Every structure is written in C-alpha cells, then in structure tokens.
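> For reference, the sequence and a predicted model appear below.
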Amino acid sequence: MSTEIKVPVLPESVADATVASWHKQAGDSIRRDENLVDLETDKVVLEVPSPVDGVIKKITRDTGETVTSGEVLGLIEEGAVEAATEPAEEIEEAEKIEKTEEKPATEAATATATEAAKPSPAARRVAEEEQADLAEVKGTGRGGRITKADVIKHVKGGAPAGARPEERVKMTRLRSRIAERMKEAQNTAALLTSFNEVDLKAVMDLRAKYKEEFQQTHGVKLGLMSFFVKAVCDALRKHPVVNASLEGDEIVYHGYQDIGIAVSTDRGLMVPILRNAEHLTLAEAENGIRDFATRARDGSIALEDLQGGTFTITNGGTFGSLLSTPLLNPPQSAILGMHTIKERPAVVNGEIVARPMMYIALSYDHRIIDGKDAVLFLVAVKEALEDPSRLLLNL
C-alpha cells in the first residue's frame, strides 16, 4: 500500500515553500516520524516527517522546487523496516567489505585492490547530482574506497594554481527575504543613526559578583544581553515614540515592548521576539534569549516566534564589530546596535583610568523620531547600564 508524502498546512502568512533538502532517496528505508525532507519558507525551515514505516517509492518534487499546502512530495510503500535504516545497497557493500577482511592476507589484498576505486552508493549519488568525475576523486575509505565525503571534498576542493574559480548559488528564500526587507528599509524610511558610548564596568562587576549564584538559582548564565533588554525597555518607557511605528499617515504607539533579538544562523539573520519584555526579569530574559538562539540555529524555531516586534537589538560585537549603522527591521522605527567591548581610557573623578567601553548606535526613522528623542533614548540606555541600580529603583 502506498502512502502520499504531503506538504503540511503552511502558516496563514506563508503562501508557498521551497524544497530545501531530502534526507532520504528513492529506495531508502524510512521510519514513522523520521524527518524526510526540509521545506524552506521566507523565515523558517519546516521538517516533514514520514507518516508511516516503509520504503521511499517515488519522489515527485525535487530540491529547489516551489510547493504549496497539501501538495504531494512523493510516495512511501508501507511495510516493516529493518533495524538498520541504511539502503539495502549500502548494507550489501558493507557486508562485502567485512567478508574481504576475513579472507587470507594475499586474497584480501587482491580483493582490496579490486575494490579500491569503487565508490559507495552514497558517493555515486552525490557524484551524479554534482556531475563530478569519480575518476578524479581520491578515495580515503577502507582500501581507497571513495566515500560520500570524498566526493563532496572534491567538488568543493581548491582549484589548480592560477585558476579563477567561480560558483553561482541561488539565494535561499530567507536570504532573499532579508535582502527585500533591508532594501525596503532603505527605500522607505528616512534613516539616521546616532551614537554614544557606555562604560560597562558596573554591569561587569555585577555579573562577576553574582554569576555563580545566578546560574545556580536560575539555571542560566547571566549575560550582557539581558541588561541591555532591561535598559532598552526602561528607555522606551521614557521615550515611547522610539517604540512606535508608522502606518500610512498614522503613528501607532505600542503599549507594550516586544523586543526582537537578532540571531545569526547558517541560513541568515533571524529576529525572534521577546514578548512583553518590559515585564521580564533578568533570568526570564536570559532563558528566553538562550531558547530562541538554540532553536533558531537548529532550525526548530516557529514562525510565530519571528513575527511582530516593536524594537530590535542587534549585537555585532560578538563578531568583533567596533562600530556600525544597523538597518531597521520594518515596520519598526528604530534598532539598537551593540558592539565589541574594548578597554579605553576614560576620565573618572578627575583621573584617567582604563574602562570596558562599548559604542552603541541607534538607527531610526527620522520621519517620526526626532534627533532629540533618539539622543535622549541613547542617554537613557547609557545611564541605566552605567548604574544598574537605576533599573531596580525604576529611575
């Protein structure tokens, strides 16, 4: 009996998806609920699990094709699956190698020489997909056998000296969406960036003093980002226009603070949202940020986690950025850029001392946020971080 592999019902705001990668091929065994194929939308990757145990009978939508809800991706022939999930051909090849090892030394040597250049089934599949000449691939498997990794390395390997290689790779849907939104921000908003610098000694001292007790109590490390979230929420309370957005000829003032935290992943930048961040404790903010970062990077984050948001924080400092002018995350009107911490000379009580300093940048839509509001917002963030007790006293 054949069972159809169908595209799951896509979220309401997603019209279609792209087949990103198949984890199984025709003829491979599959177990119920094992991931079959990844579908890429504008924001997230959706996993399509197998509905039954069986063998892949047919794949009807190849990698790169666009699909919609309910569309058939392939067929599975239902049936019992052996404990091993490797294709039968792979198992047969493995058994041949094992038998070869059991032969006398001279016979085994002859057999090994015969099998040396023979590629594994997986290697053959990759070679066919990449149009690679197996005769040019050096095998590193047992007895010189060509493995899948060997083919991939050959395809991506360096070119001869003096060569000028080029590679054309189609943009992923996420990368295309990022490009579209960034260009939208440049074309639509009247962008301006203001800067300030923050002395983070008080925050660093507080973290050093309580980091062990904090982790034991809350089960998460006390990082910098939670302090910035709290400082931003405090500054947005004082300067609500920075938390607003422009819709047509109306300014929408949000009575809540949903803070987007930019997370870098292999697929591109994602911005999961900390809902009602103004009510979160430092521990709740740290747990939320850690959870979002983990799920964004392993591809399990939900679409609803990425929607909405009234303000965004991005931290280029994790990569060593000293200063930048971040772009808005439409329809938001402002974004705060954090940067790397560097010890710099600072005048404290009339003396020059070394302090852990960070430049911060606020990019904003000048159509609704005046320069005064932007500067005062940055000053409020600076004051809250340089004297964290102000956050506790709601000053």
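Now that the structure is in, tell me what you want to look at. Numbers count the residues shown, from 1 in each chain.

> So for stretch 152-163, mean pLDDT?
Across stretch 152-163, the average pLDDT comes to 69.

> I figured Leu224 was touching Val203, is that so?
Yes: if you go by C-beta atoms under 8 Å, Leu224 and Val203 touch, sitting 6.9 Å apart. Just so you know, the C-beta spots here come from the backbone N, C-alpha and C atoms, and that holds for glycine as well.

> which of those two has more neighbours?
Neighbours were counted for Leu224 and for Val203 using other C-beta atoms under 10 Å; Val203 has more, 23 against 18.

> Next, the contact list for the closest residue to the more buried one other than its chain neighbours, please.
Leaving aside its sequence neighbours, Val203 sits nearest to Phe227 (C-beta to C-beta, 6 or more residues apart in numbering; 5.3 Å). Residues in contact with Phe227 (C-beta atoms under 8 Å, 6 or more residues apart in numbering) are 203, 282, 385, 388.

> and Phe249, how many neighbours?
To be clear, residue 249 is Asp; Phe isn't right here. Neighbours of Asp249 under the rule other C-beta under 10 Å: 5.

> Can you give me the distance of it to Leu222?
Separation of Asp249 from Leu222 (C-beta to C-beta, to the nearest Å): 44 Å.

> What count of nearby residues applies to Arg297?
If we define neighbours as other C-beta under 10 Å, then Arg297 has 15 of them.

> Quick check: can you name the pairing partners of the lengthiest strand in the chain and their directions?
The longest strand of the chain (DSSP state E) is strand 351-365. Paired neighbours of strand 351-365 in the sheet (DSSP bridges): strand 191-199 (antiparallel), strand 334-338 (antiparallel), strand 342-348 (antiparallel).

> buried set for whichever helix or strand comes after it?
Downstream of strand 351-365, the first helix or strand assigned by DSSP states H and E is helix 371-386. Residues of helix 371-386 classed as buried: 373-374, 376-378, 380-386 (neighbour count, 16 or more other C-beta atoms under 10 Å).

> just how off-centre is the next helix or strand along the chain from helix 371-386 within its chain?
Going down the chain from helix 371-386, the next helix or strand is helix 389-393, by DSSP H and E. Mean-position distance between helix 389-393 and its chain equals 34 Å (C-alpha atoms, centre = their mean, to the nearest Å).

> and the residue nearest the centre of the chain, bridged to which residues?
Geometric centre of the chain, nearest residue: Thr265, 2.5 Å, by C-alpha atoms, centre = their mean. According to DSSP bridges, the residues that bridge with Thr265 are Gly268.

> Likewise for Glu197?
Tyr359.

> Burial check on it, number of neighbours?
For Glu197, the neighbour count with other C-beta under 10 Å is 17.

> Pull the contacting residues for it.
357-360, 382.

> Helices of the protein, residue ranges please.
88-102, 105-115, 121-130, 148-156, 173-188, 201-218, 225-238, 282-298, 371-386, 389-393 (DSSP state H).

> which parts of the third one are buried?
If I follow you right, that is helix 121-130. Neighbour-count burial for helix 121-130 [16+ other C-beta under 10 Å]: 121-124, 126-127.

> Now render those residues as a markdown table, adding pLDDT.
A markdown table is the format used below for these (pLDDT from 0 to 100):
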| residue | pLDDT |
| --- | --- |
| Pro121 | 66 |
| Ala122 | 72 |
| Ala123 | 78 |
| Arg124 | 80 |
| Val126 | 79 |
| Ala127 | 84 |
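
> Flag the helix or strand of the chain with the lowest per-element mean pLDDT.
Among the helical and strand segments of the chain, the one scoring lowest on mean pLDDT, DSSP states H and E is helix 105-115, with a mean of 43.

> What does the nearest residue to Arg275 once chain neighbours are set aside show for phi and psi?
Spatial nearest neighbour of Arg275, excluding adjacent residues (C-beta to C-beta, 6+ apart): Asp258 at 5.3 Å. Backbone torsions of Asp258, given as degrees, to the nearest 10, read phi -100, psi 110.

> who's in contact with Val271?
With C-beta under 8 Å, 6+ apart, Val271 has these contacts: 260-263, 306, 309, 312, 329.

> Tell me which of the residues you listed fall in strands.
260-261, 263, 312.

> of those, closest to Tyr210?
For these, the closest approach to Tyr210 (C-beta to C-beta) belongs to Ile261, at 22.2 Å.

> how many other residues sit next to Glu304?
12.

> which non-adjacent residue is nearest it?
The shortest distance from Glu304 to any non-neighbouring residue, by C-beta to C-beta, 6+ apart, is to Pro11 (7.6 Å).
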